[in-house]
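Visitor: Can you look at this prediction? I've put the sequence above it.
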Amino acid sequence: MNKDIKASAPTDSEIVLGILNNSEIVLKRLYTTYFPMILQLIINNNGSEDDAKDIYQEAIIVLYNKVKSGEFELSSKLKTYIYSVCRRLWLKKLSHMNRYGGDIRDFEEYLPVDDEVEKHNDRDIQFNKMEAALQLLGEPCKTIMEDFYINNRSMQEICERFGYTNADNAKTQKYKCLQRLKKLFFQQK
Amino acid sequence: MSENQLLETIERYLNGEMTAEERNQFELLRKKDANVDSKVIEHKLFIGLIKQYGERIELEKRLDAIHSEIDVDALKEELLIKPNWVVSMWRHHHSKISVAASIAIFAILSTLFFTGKLNNQDSNFVLLKDQIKRVEDKTKKIERTINNNRTPLKPRISSPGKYRGTGFALSSNGYIATDYHVIDGADSIYVQNAAGESFHAKVIYTEPVYDLAILQINDPAFKDLGNVPYNFKKSISDLGENAYTFGYPGGEEVYNLGSVSAINGHSGDTTEYQVSIPVNPGNSGGPLLDDKGNLIGIISGKQPDIAGAAFAKKSTYLLKAIQNIPADSLNKSLTISTKNTLIGLSRPQQLKKLKNYVFMVKAY
């Protein structure tokens, strides 16, 4: 019974609710439902299955963020939305690779999603900068930053982990690291 | 306040860890000091970015985990109906194929160009056609010669003229009729009268189809001949009618007598009479007259293997030819004699009168 439900395609509102509730199962069903469509799109337009994976995951992230931010309105089918985002992303990538012959062979209708893809792209650039800054920061600062700001660990935990004798030292170290990280981040172009 | 302390304060403020009093104080400071305010905003955004970055990394990990469970290869096989090899070949190699094709086309064109096929094909074709036509014409000529087996009476005497024939006056002022084949291809033409006087003449009109040519004496030494004694018969002569001719075969003035033996000429040629009259090379272009002195034809040829069969173009065709002469070719009026002064005269007397109007035509 459970399996049957799993196998059938989830409804769009199911997915939106699932994302808002951080449901792992819904995310998985969403992913597996529409991946074949995108695989077909990319492979039919000079891409590989790895390209399909990258493009599809990006589109899922765009959808995910949009739902999370509360901006997503179910004005169109989710399927169409995902297809449109992938299509736009792939066109962009093709023109980057200079392999783009002029048009994509479509088999689904699509929406204009240029703005969203642009936004996603801008954010991607920021994230890439952050990643680079963290790499440049080096240890132990990188782990301290990740533990404190991303993984929400307490200063106490961090103290123990790095063997700081008191919390004040750790705090001082943390702020030093943060200042350096900011510097590294903003130095990048 | 050191940089670190400020950061700590901002963090406490943003995390809501301040007391109400502290908070008010800090907010006052924010309002007063723009530097502090911008630091707060910047810190908020930056920490937000770090957190979002972390979330993104985590989401990507989750998606990767999901993806790793999908059998992509099986999916690919199942999904994609493989296009046939021509299509896939074209898809993968279309640029190479295009280049190869253009090189091939270029090679063919340049080969054609350098071998001259491209340029000369048309003219070759036309030439060929021309040759075929020429061959055709030649064949026809040969056929005709075989069929006719008749020779124009044009003697090939090398000296003094290239060709010789006979001609006769059409009018007193120097117009002379002869056969086309007598003067065909001649550079210059002289006519000689019975007294042995030569005059230069020019061709003013020809009708090769009927083997007729009209000459005009344009020599200053030439004097008016006086009225032409014979007239031109406008109707067809009767079978069996006596006919005679006078000409210069072999350069001598020769009279010959015979009769109209057939109304149609060789192979039923309606433009000619068949005349049983002995004629020789040189008689071509000579006048054929009947007993009464009417000009009924012009000697044109004979059939050597049939005894006494000569041919004469009917006078009606000569009259037509005269009418066809373009007006601007005539610088003197060509008035055909209608008065017959030979009628009733004996043959020797007729010939005496006649011979002043019959010329030897010499074509050089």
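Guide: Arrived safely.
Visitor: interface residues of chain A facing chain B?
Guide: For chain A, the residues found near chain B under the criterion CB under 8 Å from any CB of the partner chain are A:24, A:27-28, A:31-32, A:35-36, A:39-40, A:43-44, A:49, A:53, A:57, A:60-61, A:64, A:123, A:126-127, A:130-131, A:145-146, A:149-151, A:171-172, A:175-176, A:178-179, A:182, A:185. (Each C-beta comes from the backbone N, C-alpha and C, glycine too.)
Visitor: Out of those, which end up buried?
Guide: If you count burial by 16 or more other CB atoms under 10 Å in any protein chain shown, the buried members of the residues of chain A next to chain B come out as A:27-28, A:31-32, A:35-36, A:39-40, A:43-44, A:53, A:57, A:60-61, A:64, A:123, A:127, A:130, A:145-146, A:149-150, A:171, A:175, A:178, A:185.
Visitor: Residue of chain A nearest chain B, please.
Guide: Proximity of chain A to chain B (CB to the nearest CB) peaks at residue A:150, 3.0 Å away.
Visitor: how about the helices of chain A, start to end?
Guide: Listed in chain order, the helices of chain A (DSSP state H) span residues A:2-7, A:12-20, A:24-43, A:49-68, A:78-97, A:114-137, A:141-145, A:155-162, A:167-187.
Visitor: Packing partners of the longest one?
Guide: Counting contacts by 3 or more CB pairs under 8 Å, 6 or more residues apart in numbering or on different chains; DSSP states H and E, helix A:114-137 is packed against helix A:49-68, helix A:78-97, helix A:141-145, helix A:167-187, helix B:34-69.
Visitor: now the angle between helix A:24-43 and the longest one, please.
Guide: Which is helix B:34-69. Using axes from the mean of the first three to the mean of the last three CA atoms, to 10 degrees, the direction of helix B:34-69 lies 80 degrees away from that of helix A:24-43.
Visitor: Tell me if helix B:34-69 is near chain A.
Guide: Yes: Helix B:34-69 is in contact with chain A by CB under 8 Å from any CB, via B:42, B:46-47, B:49-54, B:56-57, B:59-60, B:62-64, B:66-67, B:69.
Visitor: next SSE after that helix?
Guide: Once helix B:34-69 ends, the next helix or strand along the chain (criterion: DSSP states H and E) is helix B:72-79.
Visitor: Buried ones in that following helix, by neighbour count?
Guide: Buried residues in helix B:72-79 (16+ other CB under 10 Å): B:72, B:75, B:76.
Visitor: can you tell me which residues contact the second one?
Guide: Translated: residue B:75. A:35, A:36, A:39 (CB atoms under 8 Å, 6 or more residues apart in numbering or on different chains).
Visitor: Enumerate every residue touching the residue nearest to residue B:7 when sequence neighbours are not counted.
Guide: Setting aside the residues directly before and after it, residue B:7 is nearest to residue A:175 in space (CB to CB, 6 or more residues apart in numbering or on different chains), at 5.0 Å. By CB under 8 Å, 6+ apart, the contact set of residue A:175 is B:3, B:4, B:7, B:8.
Visitor: Could you do residue B:4 as well?
Guide: Applying CB under 8 Å, 6+ apart to residue B:4 gives the contacts A:172, A:175, A:176, A:179.
Visitor: Make CSV from the residues you listed and add distance to residue B:165 and pLDDT to it.
Guide: What follows is those, written out as CSV (distance: CB to CB, whole Å; pLDDT from 0 to 100):
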residue, distance to residue B:165, pLDDT
A:172, 141, 80
A:175, 136, 83
A:176, 135, 83
A:179, 131, 84
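Visitor: Can you check the pLDDT for residue 99?
Guide: Went with chain A since none was named. As predicted, residue A:99 sits at a pLDDT of 58.
Visitor: sorry, should have said chain B
Guide: Reported pLDDT at residue B:99 in the predicted model: 91.
Visitor: now do the one 4 residues further on
Guide: Looking at residue B:103, its pLDDT reads 93.
Visitor: now swap in the one 10 residues further on and tell me
Guide: At residue B:113, the pLDDT value in this model is 84.
Visitor: Equivalent analysis for the one 10 residues further on, please.
Guide: Residue B:123 carries a pLDDT score of 44 in this model.
Visitor: the domain parsing of the chain - what is it?
Guide: Chain wasn't specified; assuming chain A. Domain assignment for chain A by automatic domain parsing gives A:2-112, A:122-187.
Visitor: Chain B was what I was after
Guide: Split by automatic domain parsing, chain B gives B:3-68, B:163-363.
Visitor: quick one: average pLDDT of stretch B:63-78?
Guide: So the average pLDDT for stretch B:63-78 ends up being 81.
Visitor: In contact with residue B:18, which residues are there?
Guide: B:12, B:26.
Visitor: end-to-end on stretch B:73-90?
Guide: In stretch B:73-90, first residue to last residue: 24 Å (CA to CA, to the nearest Å).
Visitor: Show residues contacting stretch A:70-87.
Guide: With contacts defined as CB under 8 Å, 6+ apart, stretch A:70-87 is touched by A:12-13, A:15-16, A:30, A:34, A:37-38, A:41-42, A:55-56, A:58-60, A:62-63, A:66, A:104, A:106, A:108-113, A:116-117.
Visitor: Kindly recompute the last result at 7 Å.
Guide: Residues from elsewhere that reach stretch A:70-87 (CB atoms under 7 Å, 6 or more residues apart in numbering or on different chains): A:12-13, A:15-16, A:34, A:37-38, A:41, A:55-56, A:59, A:62-63, A:66, A:104, A:108-111, A:113, A:116-117.
Visitor: Write the PyMOL selection for whichever of those are buried.
Guide: The buried subset of these, as determined by 16+ other CB under 10 Å, is captured in PyMOL by this line:
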select buried, chain A and resi 15+16+34+37+38+41+55+56+59+62+63+66+104+110+111+113+116+117
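Visitor: Name the nearest residue to the residue of the stretch 51-200 of chain B found nearest chain A, sequence neighbours excluded.
Guide: Relative to chain A, the nearest point of the stretch 51-200 of chain B is residue B:54 (3.0 Å; CB to the nearest CB). Distances taken as CB to CB, 6+ apart put residue A:150 closest to residue B:54, at 3.0 Å, once the chain neighbours are dropped.
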